[in-house]
Structures are given as structure tokens and as C-alpha cells.
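>>> Below are the sequence and a predicted model for it; my questions follow.
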Amino acid sequence: MSNFSWGPQDISAPARKTLPKVGAEAGLVLEDVQSGWVGAVVRVEKSGGLHLMVLEDRRGKTKSFELGFGFLLDGEPVEVIPAVKAAAPVSRRTASGSVRVDNVRARTARASRIWVEGKHDAELVEKVWGDDLRVEGIVVEPLHGVDDLHAAVRDFSPGPGRRLGILVDHLVSGSKESRIAAETMAVPGARGNVLIVGHPYVDVWQAIKPQTIGLTAWPVVPRHEDWKTGILKGLGWPHRDHTDVAMGWKKLLGSVNSYADLEPSLLGRVEEVIDFLTVP
């Protein structure tokens with residue numbers, strides 16, 4: 001009789017079979033092995049820290065089951081897991097509507113510039129066209145008014161490879177701004193190297209479509225009243241001081257997501273300036 005005996009170290013449990021994992025996608029038909037319930041996944045929800053899926057049978061009745069083991073798919077055992085959510089598609093467009101260029105570093109700034117009247121104009125242009133301008137190496141600078149535009153352009157010394165695109169508020173026939181623009185174009189080197197364009201609005205705020213904040217039109221501001229203050233008052237927003245104006249602008253700018261939120265009369269002028277500075 002043999003004295004050989006099996007030690008515990010000699011006994012190994014059979015390897016557990018790894019079941020294929022399937023995500024609980026809506027419409028997936030499964031069978032619960034224990035109850036025999038067959039139904040299609042209609043939703044997955046969390047309850048008490050557990051992932052539950054709801055199966056609907058062919059008669060429209062529903063029953064909830066915890067995700068995991070104990071299910072058959074086409075007669076084969078599977079492990080049911082939460083469905084992997086598809087990543088949201090990445091927009092291939094910038095806020096200006098142009099095709100997004102990936103893996104391109106911002107270009108070193110050109111000597112050419114875009115000048116706008118004030119800080120708010122610069123922030124609006126940056127928000128919508130910023131991606132495009134960085135690729136092109138174009139810097140936007142606020143002028144804080146155009147009363148001294150003639151002197152500013154003269155000091156800039158425009159010429160080939162050193163161009164200026166200038167966006168002016170309220171550039172309409174007979175306005176102070178149109179007179180200043182005409183005088184500025186007489187600066188030596190301006191012809192062919194300086195482009196002055198403008199929109200018809202008193203302030204760049206009006207270039208934002210009023211629909212972005214739920215209006216059909218901007219409030220009418222009396223001629224004797226500061227325009228921004230009047231707009232805020234008409235909207236029922238705080239309007240006592242510069243802080244209120246700054247907060248009001250921040251709210252307006254936050255309503256702008258893309259070029260579609262701006263009036264065409266501004267869109268066309270900015271695109272014209274960018275083309276002037278970038279197209280040989």
C-alpha cells in the first residue's frame with residue numbers, strides 16, 4: 001500500500017472562465033438565467049449605489065436587474081457592464097467658423113496689427129477670432145478712442161510688411177469717425193498699408209445680436225444719456241458705476257459663443273481686416 005498522500009499544495013481549483021463583457025446599450029436583448037426573463041435594455045440607472053438595468057419584454061413589461069453575471073446573450077453567458085459613453089464629437093470649427101488647425105503653435109507676432117477702439121472691442125474680437133489670429137500671428141490692440149488716430153498711425157510708420165487694420169465704431173457717412181478716418185489715410189505710407197473699416201453701431205455692444213440675451217432689439221437710449229449706462233438701465237441690470245458697466249459687459253460677452261451670435265455688419269469687417277493683413 002502506497003504511503004503517498006496528496007497535500008493541499010498539490011490541489012488547484014479549476015481556472016474560472018472569463019466571460020465576455022458587453023455594455024448595457026439600449027436595445028440589447030438579454031436573458032436572466034435565474035428567472036428566465038428575456039427583455040431589451042431600455043435604460044440603466046443607479047439606485048442605492050448599484051448599477052441597475054431595466055429590461056422590457058415583448059409584452060411591454062419591465063423588470064430591473066443588477067449589472068454583472070448571470071445573463072445570456074444569444075444563448076451565451078456574458079458579464080453585463082455599464083455602456084461606455086461615446087466621447088462628444090470634437091468641433092472642427094473655431095468660434096469664427098473657420099476650420100480648426102490642430103497641433104500648430106501660435107505664430108510669432110507679425111509687425112502688422114489690428115487696432116480696435118477699446119477694451120470691449122478687443123475682447124469680443126479675441127473671443128470669436130482668437131484661434132485664427134494666433135495661427136496667423138496677428139495681435140489685437142485697443143486704442144481707447146480714435147480722436148488721436150492720425151498721430152497714432154504716423155507713429156506706427158506703416159509700410160510693406162508693417163500693416164494696420166483698424167476697426168472703428170460708428171463709421172457712417174458724415175460722422176466724426178468718418179472724418180478722422182479720411183484724415184488718417186493721408187498719413188505717409190498709409191495708402192495700401194492701412195485699412196480702416198467700421199460698423200454702424202454707436203458701441204460694439206450692439207454688434208452682439210440681442211437674441212443672445214433673449215431680446216428682439218436693443219433698448220433705445222436717449223441722445224443725452226451715456227449709451228452703456230442707458231443700455232444697462234433698459235435691460236434692468238445694475239448701472240450705477242463703472243463696476244456695473246464692467247459686470248454688464250462680462251455678462252454680454254459670456255452670451256457670445258461663435259460668429260453666429262454677432263451681426264453680419266461686424267463679421268464682414270473683421271474678416272476683411274484679417275484678409276488684408278494676411279493675404280499677400
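Received it, and whenever you're ready, just let me know what you need. Numbers count the residues shown, from 1 in each chain.
>>> Pretty sure Lys228 sits against Val204.
No - counting by CB atoms under 8 Å, Lys228 stays clear of Val204, with 10.5 Å between them. (C-beta placed from N, C-alpha, C; glycine too.)
>>> Show me which of those two is the more surrounded one.
Val204 (24 against 20; other CB atoms under 10 Å).
>>> mind listing what the closest residue in space to the more buried one that isn't next to it in sequence touches?
Sequence neighbours aside, Asp121 is the residue nearest to Val204 in space, at 4.6 Å (criterion: CB to CB, 6 or more residues apart in numbering). Counting by CB atoms under 8 Å, 6 or more residues apart in numbering, Asp121 touches 142, 167, 169, 204.
>>> Tell me how many other residues crowd Lys176.
Lys176: 11 neighbours (other CB under 10 Å).
>>> Look up how far Met185 lies from it.
Distance check for Lys176 against Met185: by CB to CB, to the nearest Å, it reads 15 Å.
>>> what about the residue nearest to Val204, which helix or strand?
helix 119-136 (DSSP states H and E).
>>> I'd like the distance from whichever helix or strand comes after that helix to the chain centre, please.
Next along the chain after helix 119-136, taking DSSP H and E as the criterion, comes strand 139-142. Mean-position distance between strand 139-142 and its chain equals 21 Å (CA atoms, centre = their mean, to the nearest Å).
>>> which one is Asp57 nearest to, not counting chain neighbours?
Closest to Asp57 by CB to CB, 6+ apart is Gly39, at 4.4 Å.
>>> ok but the one you found is inside a strand, no?
Yes - counting by DSSP: H, G, I helix; E, B strand; the rest coil, Gly39 is part of a strand.
>>> quick one: it and Asp244, what's the gap?
Distance, Gly39 to Asp244, by CB to CB: 59 Å.
>>> Specify which residue of those two has the higher count of neighbours.
More crowded of Gly39 and Asp244, by other CB under 10 Å: Gly39, with 22 against 16.
>>> what residue ranges in the stretch 51-200 of the chain are flagged as low confidence?
Applying pLDDT under 70 to the stretch 51-200 of the chain flags the ranges 85-109.
>>> In a helix, Val270, correct?
Yes - counting by three-state DSSP, Val270 is part of a helix.
>>> and it, what does it touch?
Contact partners of Val270, counting by CB under 8 Å, 6+ apart, are 125, 128-129, 167.
>>> right, and the pair among those residues with maximum separation?
The distance between the two most remote of these (CB to CB) is 12.5 Å, for Val128 and Leu167.
>>> okay, stretch 30-48 in CSV with CA atoms only?
Extracted in CSV, the C-alpha atoms of stretch 30-48 (Å, rounded to 0.1, in the frame of the first residue of the first chain):
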residue,chain,number,x,y,z
LEU,A,30,-30.6,39.6,-22.7
GLU,A,31,-31.9,36.7,-20.7
ASP,A,32,-31.7,36.5,-16.9
VAL,A,33,-30.5,32.9,-16.2
GLN,A,34,-32.1,32.7,-12.8
SER,A,35,-35.6,33.9,-13.6
GLY,A,36,-35.7,33.2,-17.4
TRP,A,37,-36.8,36.8,-18.0
VAL,A,38,-36.0,37.9,-21.6
GLY,A,39,-36.0,41.6,-22.5
ALA,A,40,-34.3,44.5,-24.1
VAL,A,41,-32.4,47.1,-22.2
VAL,A,42,-34.4,50.3,-22.0
ARG,A,43,-32.2,52.2,-19.5
VAL,A,44,-29.5,51.9,-16.9
GLU,A,45,-29.8,53.8,-13.6
LYS,A,46,-28.1,54.0,-10.2
SER,A,47,-30.0,53.0,-7.1
GLY,A,48,-28.5,52.6,-3.6
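>>> And the helices in the stretch 101-250 of the chain?
Residue ranges of the helices in the stretch 101-250 of the chain, as given by DSSP state H, counting those that start in this stretch, are 119-136, 149-156, 176-184, 227-235, 242-254.
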